[in-house]
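Undergrad: sequence and computational prediction follow.
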Amino acid sequence: MTEVIDVVVIGAGVVGLAVARAMAKAGRDVIVVEQHHTFGTETSARNSEVIHAGIYYRPGGLRARLCVRGKDLLYDFCQSHNIGHKRCEKLIVANGDDEVAGLSKIKRNAQENGVCDLQRLSGREASDLEPGLRCDAALLSPSTGIVDSHGLMSALLGDLEDAGGALAVNAPVTGGEIQEQRVSLDVGGAERSTISARLVVNCAGLYAEKVARSIHGVPSKTIPALRYAKGQYFTSSGRAPFSRLIYPIPSPDSQGVHYTHDLGGQARLGPDIQWDAAIGDYHVDESRRSLFIAEARRFWPDLDPDRLQPGYAGIRPKIAGPGEEGDFMIVGPVDHGTPGYIGLYGIESPGLTSSLAIGEHVAALAPQ
Ligand SMILES: Cc1cc2nc3c(=O)[nH]c(=O)nc-3n(C[C@H](O)[C@H](O)[C@H](O)COP(=O)(O)OP(=O)(O)OC[C@H]3O[C@@H](n4cnc5c(N)ncnc54)[C@H](O)[C@@H]3O)c2cc1C
């Protein structure tokens, strides 16, 4: 007879690891199954590593709530686990009357989300903080930061193992079935096997829709049709020009080409947004260079184009289309009436920031 595991989490990205950690710390027996040879090689390794404040998201939505809660949890977790991070702050910059007027709307939205520390600056005040920056006005976000995402995932895995959980690698889930009292999963790889769990949590990121559709019994009307939006970066060689992160006014589906840097001081521009990318297509299109330069020069006039080179790309799993504001979608037994399965879909930005709060949220949804 097959042994029944208490909880199986599919996918060892930052979200799967945070969910598994939260469940294990709540006393559950947890195994994470990951298709690759190690954890965190997909979207969790292809992002901006920004700890977002929670400024833009629709008030009351999951992204707004889990980002604001997740940011606080993440700063505490980084402190207690000695993970590289920096509260480096961010400037949202406006050029022209329309954009300047847009700053007030952004500030109001942030306040509704509980982000009450944004400071309005004149163009002069902003360039006093960041010489080399051009803008007519700005908002300063003191709680925005950056984090070592790999260090974060290693620490989540360490906590999971300390709490008795485990990670199984080279273990792709190829299908399954929801049965009475349990869910059976087919696992491929070198040694094919079937595992049974009381609860399965689908944290498969870009593959979450595919995995859900492969598990017989997950109601199809609760599985969203994901769309994939690629984000490409160009890196800039030489000294980082700004110590804070610099963002233009966002559109509903993207934060615009912005300036960030990592903990090592590597400066980069991006990500842009290209809809309907193929999963696995991480090629950076060099022909986008002139567009990046034009957009960045609006706030960084001295940008030297010769210092820009194609960087890397990541892909966002989205439940909304171009021009629409999406949200995370987390579907549990209460929503679909099927005990034993929780699906996480559309976990795009700010999924890294929100990861610990997502873990808390999912652990609370899980039937005992
Ligand atoms: C360009 C870009 C920039 C971003 N910037 C930020 C940012 O600055 N700050 C922020 O907070 N967020 C950011 N994000 C969002 C953040 O990176 C993601 O929300 C987060 O990494 C998602 O983690 P995940 O664990 O859900 O997905 P993933 O990291 O993709 O993990 C899913 C895992 O599931 C595994 N898997 C899939 N299918 C199977 C299967 N059948 N069997 C077993 N395993 C399977 C995969 O191999 C993978 O390891 C950004 C995203 C992108 C694309």
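TA: That came in fine, so what should we check first? Numbering: from 1, shown residues only.
Undergrad: contact partners for the residue of the stretch 201-350 of the chain found nearest the ligand?
TA: Residue nearest to the ligand within the stretch 201-350 of the chain (C-beta to the nearest ligand atom): Gly205, separated by 2.7 Å. (C-beta placed from N, C-alpha, C; glycine too.) Counting by C-beta atoms under 8 Å, 6 or more residues apart in numbering, Gly205 makes contact with Gly11, Gly13, Val15, Glu42, Thr43, Ser44, Pro317, Ile347.
Undergrad: export the residues you listed to JSON lines and tack on pLDDT and neighbour count?
TA: Formatted as JSON lines, the contacts of Gly205 follow (pLDDT from 0 to 100; neighbours: other C-beta atoms under 10 Å):
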{"residue": "Gly11", "pLDDT": "99", "neighbour count": "31"}
{"residue": "Gly13", "pLDDT": "99", "neighbour count": "27"}
{"residue": "Val15", "pLDDT": "99", "neighbour count": "29"}
{"residue": "Glu42", "pLDDT": "98", "neighbour count": "22"}
{"residue": "Thr43", "pLDDT": "98", "neighbour count": "22"}
{"residue": "Ser44", "pLDDT": "98", "neighbour count": "26"}
{"residue": "Pro317", "pLDDT": "98", "neighbour count": "24"}
{"residue": "Ile347", "pLDDT": "98", "neighbour count": "33"}
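Undergrad: export those to TSV and tack on secondary structure and distance to Val32?
TA: As requested, those are exported to TSV (DSSP: H, G, I helix; E, B strand; the rest coil; distance: C-beta to C-beta, whole Å):
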residue	secondary structure	distance to Val32
Gly11	coil	7
Gly13	coil	10
Val15	helix	11
Glu42	coil	14
Thr43	helix	16
Ser44	helix	13
Pro317	strand	19
Ile347	coil	15
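Undergrad: between those residues, which is closest to Cys135?
TA: Distance to Cys135, by C-beta to C-beta, is smallest for Thr43 among those, at 30.8 Å.
Undergrad: could you export the lowest-mean-pLDDT helix or strand in the chain as PDB, CA atoms only?
TA: Taking mean pLDDT, DSSP states H and E as the measure, the chain has helix 333-336 as its least confident helix or strand, at a mean of 88. Output of helix 333-336 as PDB, limited to C-alpha atoms (Å, rounded to 0.1, in the frame of the first residue of the first chain):
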ATOM      1  CA  PRO A 333     -11.200  23.900  -0.900                       C
ATOM      2  CA  VAL A 334     -13.700  26.600   0.100                       C
ATOM      3  CA  ASP A 335     -13.700  28.000  -3.500                       C
ATOM      4  CA  HIS A 336     -13.800  24.800  -5.500                       C
END
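Undergrad: list the contacts of it.
TA: So helix 333-336 is in contact with Val218, Pro219, Thr222, Pro339, Gly340, Tyr341, Ile342, Leu365, Pro367, going by C-beta under 8 Å, 6+ apart.
Undergrad: if you set the cut-off to 10 Å instead, what comes out?
TA: Outside helix 333-336, the residues that touch it by C-beta atoms under 10 Å, 6 or more residues apart in numbering are 199, 217-219, 221-223, 329, 339-343, 365-367.
Undergrad: narrow the residues you listed to just the buried residues.
TA: Leu199, Val218, Thr222, Ile223, Met329, Pro339, Gly340, Tyr341, Ile342, Gly343, Ala366 (16 or more other C-beta atoms under 10 Å).
Undergrad: so which of these belong to strands?
TA: Taking DSSP state E, the ones among the buried ones among the contacts of helix 333-336 that sit in strands are Leu199, Met329, Tyr341, Ile342, Gly343.
Undergrad: report the two of these separated the most.
TA: Leu199 and Met329, at 18.2 Å, using C-beta to C-beta across these.
Undergrad: tell me the gap between stretch 126-141 and the middle of its chain.
TA: Distance of stretch 126-141 from the chain centroid (C-alpha atoms, centre = their mean, to the nearest Å) equals 27 Å.
Undergrad: mind listing what's buried along that stretch?
TA: Buried residues in stretch 126-141, counting neighbours by 16+ other C-beta under 10 Å, are found at Ala126, Ser127, Glu130, Leu133, Arg134, Cys135, Asp136, Ala137, Ala138, Leu139, Leu140, Ser141.
Undergrad: is the ligand contacted by it?
TA: No - against the ligand, stretch 126-141 shows no contacts by C-beta under 6 Å from any ligand atom, the least distance being 13.3 Å.
Undergrad: output that stretch in CSV with nothing but the alpha carbons.
TA: Extracted C-alpha coordinates of stretch 126-141, given in CSV (Å, rounded to 0.1, in the frame of the first residue of the first chain):
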residue,chain,number,x,y,z
ALA,A,126,15.0,64.6,-5.8
SER,A,127,18.2,65.6,-7.7
ASP,A,128,19.8,66.7,-4.4
LEU,A,129,19.3,63.1,-3.3
GLU,A,130,20.4,61.6,-6.6
PRO,A,131,22.6,63.9,-8.7
GLY,A,132,22.3,62.9,-12.3
LEU,A,133,18.5,62.4,-12.0
ARG,A,134,16.1,64.5,-14.0
CYS,A,135,12.5,64.9,-13.0
ASP,A,136,9.9,67.6,-12.2
ALA,A,137,8.7,65.9,-9.0
ALA,A,138,9.0,62.6,-7.3
LEU,A,139,7.7,60.3,-4.5
LEU,A,140,10.3,58.8,-2.1
SER,A,141,9.4,55.3,-0.8
